[in-house]
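Engineer: Can you look at this prediction? I've put the sequence above it.
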Amino acid sequence: MMPELGKYAAEVISAYAVSLGLLVGLVVLSLRRNARLRDALRQVEDRQRKTNG
Amino acid sequence: MSFWEFANPKRFMQLSSRLLPWVAGLSLACLVVGLIWGFFFTPEDYRQGSTVKIIYLHVPAALMAINAWLMMLVASLVWIIRRHHVSALAARAAAPVGLTFTVIALITGAIWGQPMWGTWWAWDPRLTSFLILALFYMGYIAMWEAVENGDTAADLTSVLCLVGSVFAILSRYAVLFWNQGLHQGASLSLDKEENVADVFYLPLLVCIAGFVLMFLALVLLRTRTEIRARRLKALLNRERMA
Amino acid sequence: MLSVRGVCVARGGVPVLEGVDLDLEAGQALVLRGPNGIGKTTLLRTLAGLQPPVEGQIEMAPDLVAYTGHSDGVKATLTVVENLEFWARVFGQGDIAPALAAFDLEGLVERQAQNLSAGQRRRLGLARLMVTGRPIWMLDEPTVSLDAASVKMFAASVQAHCAAGGAAIMATHIDLGLDGLVLDLSPYRAIGRMSAGGFEEAFE
Amino acid sequence: MLSVRGVCVARGGVPVLEGVDLDLEAGQALVLRGPNGIGKTTLLRTLAGLQPPVEGQIEMAPDLVAYTGHSDGVKATLTVVENLEFWARVFGQGDIAPALAAFDLEGLVERQAQNLSAGQRRRLGLARLMVTGRPIWMLDEPTVSLDAASVKMFAASVQAHCAAGGAAIMATHIDLGLDGLVLDLSPYRAIGRMSAGGFEEAFE
Amino acid sequence: MIALLRRDLVLAVRAGGGFGLGLAFFLVLSVLVPFGVGPEADVLARIAPGILWIGALLSCLLSLDRIFALDFEDGSLDLLATAPVPLEGVSVVKALAHWLTTGLPLTLLAPGLGVLLNLPPAGFGWLVISLAVGTPALSLIGAFGAALTVGLKRGGLLLSLLVLPLYVPTLIFGAQVATQGAAGLDVGTPLVLLAGISAGTLALMPFAAAAALRINLR
Amino acid sequence: MIALLRRDLVLAVRAGGGFGLGLAFFLVLSVLVPFGVGPEADVLARIAPGILWIGALLSCLLSLDRIFALDFEDGSLDLLATAPVPLEGVSVVKALAHWLTTGLPLTLLAPGLGVLLNLPPAGFGWLVISLAVGTPALSLIGAFGAALTVGLKRGGLLLSLLVLPLYVPTLIFGAQVATQGAAGLDVGTPLVLLAGISAGTLALMPFAAAAALRINLR
Ligand code: HEM
Ligand SMILES: Nc1ncnc2c1ncn2[C@@H]1O[C@H](COP(=O)(O)OP(=O)(O)OP(=O)(O)O)[C@@H](O)[C@H]1O
Ligand SMILES: Nc1ncnc2c1ncn2[C@@H]1O[C@H](COP(=O)(O)OP(=O)(O)OP(=O)(O)O)[C@@H](O)[C@H]1O
Ligand SMILES: [Mg+2]
Ligand SMILES: [Mg+2]
């Protein structure tokens, strides 16, 4: 399955690993923050709707 | 539908929630296809060996690193001129994405440089400009974080972005003047002679499309987050006042 | 001289006062009252042109205002005379002697501001008003740290200023013995409004 | 708790007050009065141990004093809670809730000190006293910028402190409504003396 | 306006530390370099112009936060904003005062330090010229950075982070003039470019700085 | 004692600027050097260890005045002096806190900057080792200097001038270890001497600092 990378295998694989790691990290962080704020906002809106009638 | 409908937060939330899954899905598809194609099914370059496969990350990241700053510049101008909050928040949302792309370009370039030039780092103009670009991104993000009041932060970062753009261009020329480089020139030009061979070219285009779409998706998502953060803060403030 | 209609002011992006109406004529002294945190400082800064109002009209000819805030802009390492002369020159005025006399600073002219007591320093900050030559004084808690005699001195100089065709608007918690107008800000507290720009309200 | 005999205090090498006698017992609140520049701040700093007296005796057990000056030692970039908790920890105290309650700061706990109004900030500076756990409070113009309600709040907390066996000595120009002792400093103004060390007098 | 300049100069000379610190720092840096890099005369001569330029730039950077911060804290900036002087003018004057108390002394001090660093004789003139032409740009850019960060927490750190990338072109051309001058090469192009940067910042930066101040005072 | 260390660390991380400024400064200096000196890899490689050591030293120097000054101003130092902890211990803890927030991060950051400055591969290990061994001496000497100048006007300027000469031996041996290590030479002697300096300052400086504090608090 793995292609033959020759003597540069370490370089190529580390480049892919680092880049994909950074990208996935950014995506996960963005999604997590989005979810957290969405929930927090929904909570506050519900609460204020209740108190304001 | 006018483009300015995006400036209304409510409309933006509606439109973006419909758009986001498509953009995200498409970008994922492009990235998966492009990267797998590039990594597994392209031959080695006769000079560079397998390291040529790094191009599928390096070039799209480098392109988008610059384009992200351009997008921030446009968004800042829109905020200054038309005072559309969504625009300012989109600029804020784009900065960390741009910084990540810059860092990816730098790191993959450094890894590539070791076998090709025999050094991790050289003060090549293009590399140097990217280092400076990374510093600009860091300063811009730090500025947003440092100012508490949203509108003040938007104003200050917009001014910074404008002035920074001028100096970024100036730095680019200064650096070119300062040192002739090792880095190859643009090889995606339309001139077929200079272009990389087709085997590398097609998967590269797919990867670039993937990065563009991914940038779009991330900016949409993060802008939604920022809008919610603003609203949340305002709601909590009102609660405290009452 | 100054006419304010339906003004809403915000601090830190949060509206604190709304619907404020007030008028100030030459010769009048207006005292703003209200509990801590109601927004007196914010209103005065807005009237002085340091920040824009969120909404409403402020009508006033330009370059009429001399503003003094909580911190009085006195440089600790300059002497009393140097401090006053600097501001006199910035505002294109010549003579600082009347200001020194009005606030009993003549004995302290060569003293560096860092060697003044709190009240003396405040008197210096107030003397600055007289060298601006501006007709409208906007004062934020001018009498902080002043003893009774100095407060009288200050009230007298405000009266003299108004008698000479000037006007003053000030926020203070104590009674100055001025026969001026009083405006209580409590009724204008902003509660309905969410944010300065209205951006956050434009949701579902 | 505190006994002062024949004390002379100097500022900038110049004696400002001499022959000051005073006593403070547990449960007492003493108000220092006098015009601007008489030397109230200088005296309080000396009593708090921040500078030595030129002559005279100050008798007091160590580690009893909590001092608050013109500037209230509030860090602008920390929130209200962080400011208070820091001081509580420095003084080895646990709970800051009573201090927050006594000065009505509960609604502002998460606010950075730089976003407080002048009066709110002053209340925070005063709340700091309650987390020191020290019995003698020395206060220099504590009511600056406070509105009437806040002044009452402050007076109440001084009374509670004294009732619990503490004591307070403060300099202020306004009337607090405290049934405490009053000491007018005007008679102690230093005139005869030339310099703090006496070195310059030992000439001819 | 002249009054403001006079006051700022008096304050700089009188107020502890601020004025001398930048100069002392410049001196320290230049004295330390031989200890760190080693005493070989040719290496030192090679890097001397660059090191001196970097030293000058860092001394500027360290004194930037005084341009507006002190006036902001004690309320003078509010008063200046309501005074009959445009904030653009205030920015220029402040940058000028900063230059007079930092850039100018640095320029005058640089030849002496050049001796310590074995600067080739041909280099002294060009070093002074490049500093004289380039340091005003440093002060002007710095005033903009200081205006952006006035009244912020972590202002000092943020200020360096913001200003550093803006300094790059000035540094490159300035050091180039000094280095090529020391090597006896032609310095025309970089000198013109350096002068261009100084002129450009003088034309633009005060407006940017005044805009940032207005926003921050709000 | 541990409480004091904890508090100092928290304050350093929290309170604006102080902590990061040194690090940012180190970064700035290293990034700027090539712009000033020129991009030639061999010149850069030659001076890299020395420049990095000077950068580390300057970053330490700039953060020294925070060791005691802030605590002096808000009166905490008076309280500490009357608390049941010896002032010698306070000095050690304060120096330790300073090292943990300055010297240690600098040491960790140095290899990354070494890459930018074309440090030869052999040099990385020795650079880190020399910084790890040498920076504690910088903090300890600095604490003494800070104790001497606490509460003085112009303290910052005076502090640099006082501390600078005291730093020279540490700099010489530290840079020597790094430079010779990068050149593949033997580093035994300077490393031993560097370690000796660190040990010696650890044994002596706290007493000197405590004595200086006692005098200044009087
Ligand atoms: C840290 C180091 C590097 C950085 C910051 C960097 C930056 C960039 C940038 C900005 C581009 C965008 C080109 C464009 O304008 O389209 C690019 C393209 C490219 N880089 Fe790098 N690069 C680095 C190192 C390297 C190395 C070591 C190699 C390989 C020897 C390399 C090979 C390429 C190639 C082949 C392209 C495509 C050129 C094109 O199509 O335009 N880069 N790089
Ligand atoms: N960033 C912020 N977010 C929310 N509220 C804020 C912010 N900054 C200030 N405020 C609030 O704005 C209000 C107005 O403050 P202002 O300084 O105008 O009051 P003031 O009437 O002058 O009070 P004082 O008499 O104490 O000086 C205060 O309640 C203050 O807490
Ligand atoms: N360096 C100096 N040389 C001479 N006199 C000085 C010096 N520094 C301060 N003074 C004077 O010392 C006196 C005492 O000041 P202090 O601050 O103690 O007064 P205060 O009673 O607190 O006044 P206030 O009510 O205004 O706060 C003042 O008259 C002041 O002008
Ligand atoms: Mg106020
Ligand atoms: Mg006083």
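Structural biologist: Nice, thanks for sending it over. Keep in mind it's a predicted model, so treat the numbers as computed, not measured. Ligands and ions are numbered 1, 2, ... in the order given.
Engineer: tally of neighbours for the nearest residue to C:Lys40 once chain neighbours are set aside?
Structural biologist: Spatial nearest neighbour of C:Lys40, excluding adjacent residues (C-beta to C-beta, 6 or more residues apart in numbering or on different chains): C:Ala171 at 3.7 Å. Glycine gets a C-beta too; all of them are placed from N, C-alpha and C. By other C-beta atoms under 10 Å in any protein chain shown, the residues close to C:Ala171 number 24.
Engineer: now the residue lying farthest from the centre of chain E: how far from F:Ile51?
Structural biologist: The outermost residue of chain E relative to its centre, with distances by C-alpha atoms, centre = their mean, is E:Glu40 at 29.4 Å. Going from E:Glu40 to F:Ile51 by C-beta to C-beta, to the nearest Å gives 15 Å.
Engineer: If I look at the residue farthest from the centre of chain E, what pLDDT would I see?
Structural biologist: Per-residue pLDDT puts E:Glu40 at 84.
Engineer: My guess is the residue nearest to C:Lys40 contacts C:Leu44. True?
Structural biologist: Yes - using C-beta atoms under 8 Å, C:Ala171 is in contact with C:Leu44, at 6.0 Å.
Engineer: and the nearest residue to C:Ser71 once chain neighbours are set aside, what does it touch?
Structural biologist: Distances taken as C-beta to C-beta, 6+ apart place E:Gly75 nearest to C:Ser71, at 3.7 Å, with adjacent residues excluded. E:Gly75 makes contacts with C:69-73, as judged by C-beta atoms under 8 Å, 6 or more residues apart in numbering or on different chains.
Engineer: Greatest separation within these: which pair is it?
Structural biologist: Distance extremes for the contacts of E:Gly75: the farthest pair is C:His70 and C:Gly73 at 10.5 Å, using C-beta to C-beta.
Engineer: Of these two, which one has the most company?
Structural biologist: Taking other C-beta under 10 Å, C:His70 and C:Gly73 do not tie; C:Gly73 has more neighbours (22 against 16).
Engineer: Wasn't the more buried one part of a strand?
Structural biologist: No - counting by DSSP: H, G, I helix; E, B strand; the rest coil, C:Gly73 falls outside a strand, being coil.
Engineer: need the residues of chain B near ligand 1, please.
Structural biologist: Chain B comes close to ligand 1 at residues B:55, B:58-59, B:62-63, B:105-106, B:109-110, B:112-113, B:116-117, B:126-127, B:130, B:183-184, B:186-188, as judged by C-beta under 6 Å from any ligand atom.
Engineer: Keep the residues you listed, but drop any that are not near chain A.
Structural biologist: Among those, the residues lying close to chain A (C-beta under 8 Å from any C-beta of the partner chain) are B:58, B:112.
Engineer: Helix, strand, or coil at the residue nearest the centre of chain C?
Structural biologist: In chain C, the centroid-proximal residue (C-alpha atoms, centre = their mean) is C:Leu139; its distance is 1.8 Å. Three-state assignment for C:Leu139 (three-state DSSP): strand.
Engineer: Contact partners for the nearest residue to it once chain neighbours are set aside?
Structural biologist: Distances taken as C-beta to C-beta, 6+ apart place C:Met170 nearest to C:Leu139, at 3.8 Å, with adjacent residues excluded. Residues in contact with C:Met170, defined by C-beta under 8 Å, 6+ apart, are C:29-32, C:137-142, C:158.
Engineer: Point me to the residue of chain E nearest ligand 5.
Structural biologist: Using C-beta to the ion, the closest approach of chain E to ligand 5 is made by E:Asp74 at 17.7 Å.
Engineer: what does chain A give?
Structural biologist: Closest residue of chain A to ligand 5, C-beta to the ion: A:Val44 (45.9 Å).
Engineer: Equivalent analysis for chain B, please.
Structural biologist: B:Glu148 (32.9 Å).
Engineer: Could you double-check that that residue sits in contact with D:Arg111?
Structural biologist: No - B:Glu148 lies out of contact with D:Arg111 (C-beta under 8 Å); the separation is 10.2 Å.
Engineer: And these two? Which one has more around it.
Structural biologist: Set B:Glu148 next to D:Arg111 and count neighbours by other C-beta under 10 Å: D:Arg111 wins out with 18 against 15.
Engineer: Wait, that one touches D:Leu78, no?
Structural biologist: No - in this structure, D:Arg111 is not within contact of D:Leu78 by C-beta under 8 Å, at 10.4 Å.
Engineer: ok, now which ones touch C:Gly12?
Structural biologist: B:148-149, D:115.
Engineer: Can you tell me the SS state at whichever residue of chain B sits closest to ligand 3?
Structural biologist: Nearest residue of chain B to ligand 3, counting by C-beta to the nearest ligand atom: B:Glu148, 33.2 Å away. Using three-state DSSP, the structure places B:Glu148 in coil.
Engineer: what's the distance between it and chain D?
Structural biologist: Applying C-beta to the nearest C-beta, to the nearest Å, the value for B:Glu148 to chain D is 7 Å.
Engineer: same check, this time on B:Phe6
Structural biologist: Distance, B:Phe6 to chain D, by C-beta to the nearest C-beta: 32 Å.
Engineer: Share the number of residues neighbouring the residue nearest to that residue when sequence neighbours are not counted, please.
Structural biologist: Excluding the flanking residues, the one nearest B:Phe6 by C-beta to C-beta, 6+ apart is B:Phe12, at 5.1 Å. Neighbourhood size, B:Phe12 [other C-beta under 10 Å]: 23.
Engineer: and after whichever strand or helix holds B:Phe12, which helix or strand comes next?
Structural biologist: For B:Phe12, the element it lies in under DSSP states H and E is helix B:9-40. Following helix B:9-40 in sequence order, the next helix or strand is helix B:55-82 (DSSP H and E).
Engineer: Buried residues of that next one, list them for me.
Structural biologist: B:55-69, B:71-73, B:75-80 (16 or more other C-beta atoms under 10 Å in any protein chain shown).
Engineer: for it, what is the average pLDDT?
Structural biologist: Helix B:55-82 shows a mean pLDDT of 93.
Engineer: what about it and chain C, touching?
Structural biologist: No - applying C-beta under 8 Å from any C-beta, one finds helix B:55-82 separated from chain C by no less than 11.6 Å.
Engineer: Direction-wise, compare the helix or strand just after that helix with helix B:55-82 and give the angle.
Structural biologist: Next along the chain after helix B:55-82, taking DSSP H and E as the criterion, comes helix B:85-117. Helix B:85-117 runs at 150 degrees relative to helix B:55-82, counting by axes from the mean of the first three to the mean of the last three C-alpha atoms, to 10 degrees.
Engineer: Any part of helix B:85-117 near chain C?
Structural biologist: Yes - for helix B:85-117, a contact with chain C is found by C-beta under 8 Å from any C-beta, at B:His85.
Engineer: repeat for stretch A:37-47
Structural biologist: No - Stretch A:37-47 lies out of reach of chain C by C-beta under 8 Å from any C-beta, never closer than 8.8 Å.
Engineer: Is there proximity between that stretch and chain D?
Structural biologist: No - Stretch A:37-47 stays clear of chain D (C-beta under 8 Å from any C-beta), getting no nearer than 14.7 Å.
Engineer: Could you pull up the contacting residues of the nearest residue to B:Cys207 once chain neighbours are set aside?
Structural biologist: Nearest-residue entry for B:Cys207: B:Gly34, 3.6 Å, with adjacent residues in sequence omitted and distances by C-beta to C-beta, 6+ apart. Applying C-beta under 8 Å, 6+ apart to B:Gly34 gives the contacts B:56, B:203-207, B:209-210.
Engineer: Now go through those and say which are in strands.
Structural biologist: Using DSSP state E, the subset of those located in strands is empty.
Engineer: Of those, which is the nearest to chain F?
Structural biologist: If you rank the contacts of B:Gly34 by distance to chain F using C-beta to the nearest C-beta, B:Tyr56 comes first, at 24.2 Å.
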